[in-house]
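Asker: could you work out the structure for the sequence below:
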Amino acid sequence: MPKANADDLEWTTLDRGGMRLDRKQLAAAAGGDRIGCSLYRLPAGERSWPYHYHAGNEEALFVLSGAGALRLDGERTALAEGDYVALPAGERGAHRVINDGDDPLVYLAVSTMDDPDVTVYPDSGKFGVFVGAPPGGGGDRSLHGYYRIDDGVNYWLDEDGSVSDGDT
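Answerer: Sure, this is the predicted structure:
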């Protein structure tokens, strides 16, 4: 199995949708398949991925340097160097990292890479579906998209050409 050294990898900057961070995908560089691991550098005043949880994948964070906060299961808790946080699959693992300090917050994010997965975003009322490759994973997906939770349709819609009112 190949190894990867973080110093040999370039930072990838992600800057979109109200978040800006730098990432090095360590597990992918080392040929990892079932466990993901990324090194993140979150600049002062920035936030990570939108508040979310995974229905099928567990994640964990380990803070290497800096300080900030973690919104976890709706509560805000301080993060400091040496802190390890388990983020179980399901609602109680909902999270977002916030750098409210003056220095970059550097941390490892580790996750299972099970497929399929559904990612739920409670603040925006949407969910994402990932089939063929989990979130953060490489490879082609046979099904992938984001949807509003309230846009559900009747199970039988377009199956037999008609849906009667009241069928739910």
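
Asker: contacts only, for Asp33.
Answerer: Asp33 is in contact with Met113, counting by CB atoms under 8 Å, 6 or more residues apart in numbering. The C-beta positions use only the backbone N, C-alpha and C, and glycine is treated the same way.

Asker: what about it, distance to Tyr51?
Answerer: Taking CB to CB, to the nearest Å as the measure, Asp33 and Tyr51 are separated by 28 Å.

Asker: now do Ala27
Answerer: In this structure, Ala27 lies at 24 Å from Tyr51, with CB to CB as the measure.

Asker: and Thr112, by the same measure?
Answerer: Taking CB to CB as the measure, Thr112 falls 20 Å from Tyr51.

Asker: same check on Arg20?
Answerer: Using CB to CB, one gets 16 Å for the distance from Arg20 to Tyr51.

Asker: and if you look at Ala80?
Answerer: Relative to Tyr51, and taking CB to CB, Ala80 is found at 21 Å.

Asker: the more surrounded of the two?
Answerer: Tyr51 (18 against 12; other CB atoms under 10 Å).

Asker: per-residue confidence at that one?
Answerer: In this model, Tyr51 is scored at 96, pLDDT.

Asker: now swap in Thr77 and tell me
Answerer: pLDDT, Thr77: 96.

Asker: any idea how far it lies from Val97?
Answerer: Distance from Thr77 to Val97, counting by CB to CB: 11 Å.

Asker: same check, this time on Asp123
Answerer: Asp123 sits 15 Å away from Val97 when distances are taken as CB to CB.

Asker: which one of the two has more residues nearby?
Answerer: More crowded of Asp123 and Val97, by other CB under 10 Å: Val97, with 24 against 11.

Asker: so who does the more buried one touch?
Answerer: Contacts for Val97 were tallied using CB under 8 Å, 6+ apart; they are Tyr40, Leu42, Arg47, Ser48, Leu61, Gly68, Ala69, Leu70, Leu79, Leu105, Tyr107.

Asker: got it, and Ser48?
Answerer: The neighbourhood of Ser48, defined by CB under 8 Å, 6+ apart, consists of Met19, Leu21, Tyr40, Leu42, Arg96, Val97, Ile98.

Asker: would you mind confirming that Arg41 makes contact with Leu108?
Answerer: No: shown here, Arg41 and Leu108 do not form a contact pair, counting by CB atoms under 8 Å, at 11.0 Å.
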